[in-house]
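Participant: pasting a predicted model and its sequence here:
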Protein chains: 2
Amino acid sequence: MIEFIHTSTLLHDDVVDESDLRRGRKTANALWGNAASVLVGDFLYSRSFQLMVELDDMRIMRILADTTNTIAEGEVLQLLNIGNADVSEAAYLAVIERKTAVLFAAATELGGILGGLPETQIAALREYGMQLGYAFQIADDLLDYVSDADTLGKNIGDDLAEGKPTLPLIYALQDASDEQRQSLRHAIEHGGLDSLDRIIASIRDSGALERTHARAVAHAAAARESLAALPASPYRDALATLADYSVQRTF
Amino acid sequence: MIEFIHTSTLLHDDVVDESDLRRGRKTANALWGNAASVLVGDFLYSRSFQLMVELDDMRIMRILADTTNTIAEGEVLQLLNIGNADVSEAAYLAVIERKTAVLFAAATELGGILGGLPETQIAALREYGMQLGYAFQIADDLLDYVSDADTLGKNIGDDLAEGKPTLPLIYALQDASDEQRQSLRHAIEHGGLDSLDRIIASIRDSGALERTHARAVAHAAAARESLAALPASPYRDALATLADYSVQRTF
């Protein structure tokens, strides 16, 4: 269910972002156009709800209906923020909580529910997923500035080119010189394609990437800590490793 | 719930069809672009599932999950048929059952379920909705050839321009002269924008529009007949009137 919801949001995202590269391959959108991407996304979305009905559990239904609605809200908020150089760190976090972290949280919470865990452990798993989601998305937004297309499997600087104010940009705006700030604001407001290399260099110079990484690491640590409510097991260890990995990955 | 699902499919349809006119006004897509149309469609879709959860009725959940999945399947099938001059009447009916009639059927079936009717009457209401859906969609596809943009509120000849083989075209291909058939096939396979008026005239000459109308009327009659299973009431009369109206409307 989670994977179908995730894939359908990616199919729709690629239409929204007009992306042509995802996971190192051409996007469905680039290969087959907007129409197929939108409709197959709708198909997977509704297929996921059919799978839920088979579970015959209204609690799970409610979590996933709320989750998908929150994701859509997050995507709309993100769209509204495009080209806005005044988006705050709090506004950015509100977007990534909605568009990303809630789906991680739903996935881990559902594991707890389906495994019949006590409510306190289900809540801990949800918190783990939420913090993992924050860590993952912040790391993802960081990779857009530090990786390269071959490693990352999508184009570097896409967020900047689209005028999408993610955390590296928000921190860079806080810490850059007046002159650099002017050029960053211009890139967000008008898209930064023509001076991409210079702008990315100025973001790197500002120390924003280190601050962004530290923020991701803090969320990964919080994810790890929430696991304390669960009994020790190889599975708990795996979840802890996953939290660390989410901020160490290079792709 | 039904209206939200319907609106979300229209928002996505306008992206898929690149339509710029709907109900006599510019489409959301034309006004705010693909991104907003896709995402707000997703929002309404998931909002509909939240409303379902509030009803706390797994039967309704199942009907609507199956319905939305079938609609998506129908939309994909329709997309695959674009530009195909060999689509049969049966294949066309399979598409409109999925993309349109099942939503009408779900709407009327749900009315019966929520009203606590006996199962035979619920089944009759479902059949009424299904037949009404066929009648509505065939009439809708007919209007694309007989109305005008001011009356219809969307552009005439859009289906032909997109190479969408609907029933008027399918019948015209069966009944046209060899020469006309060549030009119709060409229009479907390559889009008919440059000779739209001439092609529409040849479709009108073939008698295909009368055959299409008769087919819509037959489904409207079947819808009416299925109401015999329900007790007489002003509401039943209204449903019968609606069936007649679905094939008499000019917009």
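Facilitator: Right, received. Where do you want to start? If you're wondering where the values come from, they're calculated on a predicted model, not measured in any experiment. Residues are numbered from 1 along each chain as shown, chains lettered A, B, ... in the order given.

Participant: quick check: buried residues in stretch A:242-251?
Facilitator: Buried residues in stretch A:242-251, counted by 16 or more other CB atoms under 10 Å in any protein chain shown: A:Leu242, A:Ala243, A:Ser246, A:Val247. All C-beta atoms are positioned from the backbone trio N, CA, C, and that covers glycine.

Participant: out of those, list just those in helices.
Facilitator: Using DSSP state H, the subset of the buried residues of stretch A:242-251 located in helices is A:Leu242, A:Ala243, A:Ser246, A:Val247.

Participant: how far away is the third one from A:Ala216?
Facilitator: Looking back up the chat, that one is A:Ser246. Noted for A:Ser246: a distance of 8 Å to A:Ala216, by CB to CB, to the nearest Å.

Participant: what kind of secondary structure is A:Lys164 in?
Facilitator: coil (DSSP: H, G, I helix; E, B strand; the rest coil).

Participant: run a quick neighbour tally on it.
Facilitator: 23 (other CB atoms under 10 Å in any protein chain shown).

Participant: and what of A:Asp20?
Facilitator: Per other CB under 10 Å, the neighbour tally for A:Asp20 reads 14.

Participant: in contact with the residue of the stretch 151-251 of chain A at minimum distance from chain B, which residues?
Facilitator: Residue of the stretch 151-251 of chain A nearest chain B, by CB to the nearest CB: A:Glu162 (10.3 Å). Counting by CB atoms under 8 Å, 6 or more residues apart in numbering or on different chains, A:Glu162 touches A:Asp17, A:Ile82, A:Gly191.

Participant: among these, which ones lie close to chain B?
Facilitator: Filtering those for proximity to chain B by CB under 8 Å from any CB of the partner chain leaves A:Asp17.

Participant: drop anything exposed from the contacts of A:Glu162.
Facilitator: A:Asp17, A:Ile82, A:Gly191.

Participant: I'd say the first one and A:Asp158 touch.
Facilitator: When you say that, I think you mean A:Asp17. Yes. Judged on CB atoms under 8 Å, A:Asp17 makes contact with A:Asp158 at a distance of 7.3 Å.

Participant: how about the residues of chain A by chain B?
Facilitator: Residues of chain A lying close to chain B by CB under 8 Å from any CB are A:9, A:12, A:15-17, A:34-36, A:38-40, A:42-43, A:45-47, A:49-50, A:52-53, A:56, A:58, A:61-62, A:64-66, A:68-69, A:71-73, A:75-76, A:79.

Participant: make it 6 Å
Facilitator: Within chain A, the positions near chain B by CB under 6 Å from any CB of the partner chain are A:12, A:15-16, A:34-35, A:38-39, A:42-43, A:46-47, A:49-50, A:53, A:56, A:58, A:61-62, A:65, A:68-69, A:72, A:75-76, A:79.

Participant: now, of those residues, which are buried?
Facilitator: Using 16+ other CB under 10 Å as the burial test, the residues of chain A next to chain B include A:12, A:15-16, A:34-35, A:38-39, A:42-43, A:46-47, A:49-50, A:53, A:58, A:61-62, A:65, A:68-69, A:72, A:75-76, A:79 as buried.

Participant: which of those fall in helices?
Facilitator: A:12, A:15-16, A:34-35, A:38-39, A:42-43, A:46-47, A:49-50, A:53, A:58, A:61-62, A:65, A:68-69, A:72, A:75-76, A:79.

Participant: ramachandran angles for A:Phe136?
Facilitator: A:Phe136 adopts backbone torsions of phi -60, psi -50, taken as degrees, to the nearest 10.

Participant: now do the contacts for the residue nearest to it when sequence neighbours are not counted.
Facilitator: Nearest residue to A:Phe136, sequence neighbours excluded (CB to CB, 6 or more residues apart in numbering or on different chains): A:Ser246, at 4.7 Å. By CB atoms under 6 Å, 6 or more residues apart in numbering or on different chains, the contact list for A:Ser246 reads A:Leu132, A:Ala135, A:Phe136, A:Ala139, A:Ala220.

Participant: now, the most widely separated pair of these?
Facilitator: A:Leu132 and A:Ala139 (10.4 Å; CB to CB).

Participant: more neighbours: the two, which one.
Facilitator: Neighbours were counted for A:Leu132 and for A:Ala139 using other CB under 10 Å; A:Leu132 has more, 28 against 23.

Participant: looking at the more buried one now. What's its pLDDT?
Facilitator: Looking at A:Leu132, its pLDDT reads 98.

Participant: nearest spatial neighbour of A:Ile122, skipping sequence neighbours?
Facilitator: A:Ile122 sits nearest to A:Gly112 (CB to CB, 6+ apart), 3.7 Å away.

Participant: is it true that the one you found lies in a strand?
Facilitator: No. Counting by three-state DSSP, A:Gly112 is not part of a strand but helix.

Participant: from the contact counts, what lies against the strand or helix carrying A:Tyr128?
Facilitator: Per DSSP states H and E: A:Tyr128 is located in helix A:119-146. When contacts are defined as 3 or more CB pairs under 6 Å, 6 or more residues apart in numbering or on different chains; DSSP states H and E, helix A:119-146 sits against helix A:102-114, helix A:167-175, helix A:208-226, helix A:234-248.

Participant: the same query, at a cut-off of 8 Å, please.
Facilitator: Helix A:119-146 sits against helix A:89-96, helix A:102-114, helix A:158-161, helix A:167-175, helix A:196-205, helix A:208-226, helix A:234-248, with contacts defined as 3 or more CB pairs under 8 Å, 6 or more residues apart in numbering or on different chains; DSSP states H and E.

Participant: so how far is it off the chain centroid?
Facilitator: Counting by CA atoms, centre = their mean, to the nearest Å, helix A:119-146 is centred 9 Å from the centre of its parent chain.

Participant: ok, the spatially closest residue to A:Ser88 that is not a sequence neighbour - contacts?
Facilitator: Nearest non-adjacent residue to A:Ser88, counting by CB to CB, 6+ apart: A:Ile170, 7.2 Å away. Applying CB under 8 Å, 6+ apart to A:Ile170 gives the contacts A:Val87, A:Ser88, A:Glu89, A:Tyr92, A:Ala208.

Participant: where does the stretch 51-200 of chain A dip in pLDDT?
Facilitator: A:148-156, A:192-193 (pLDDT under 70).

Participant: for A:Tyr45, the count of nearby residues, please.
Facilitator: Counted with other CB under 10 Å, A:Tyr45 comes out at 24.

Participant: check the burial of A:Phe4 by counting its neighbours.
Facilitator: Neighbour tally, A:Phe4, other CB under 10 Å: 19.

Participant: oops, could you answer that again for A:Ile96 instead?
Facilitator: 23.

Participant: A:Gly133 and B:Thr67: what is the separation?
Facilitator: The value you get for A:Gly133 to B:Thr67, if CB to CB is used, is 31 Å.

Participant: and what of A:Tyr92?
Facilitator: Separation of A:Tyr92 from B:Thr67 (CB to CB): 37 Å.

Participant: and what of A:Arg211?
Facilitator: The gap separating A:Arg211 from B:Thr67 is 48 Å, by CB to CB.

Participant: coming back round to it: on the pLDDT front, check the residue nearest to A:Phe136 for me.
Facilitator: Looking at A:Ser246, the pLDDT reads 95.

Participant: Provide a list of residues in contact with A:Arg249.
Facilitator: By CB under 8 Å, 6+ apart, the contact list for A:Arg249 reads A:Ala139, A:Leu143.

Participant: got the phi/psi numbers for it?
Facilitator: The phi and psi values for A:Arg249, taken as degrees, to the nearest 10, are phi -60, psi 150.
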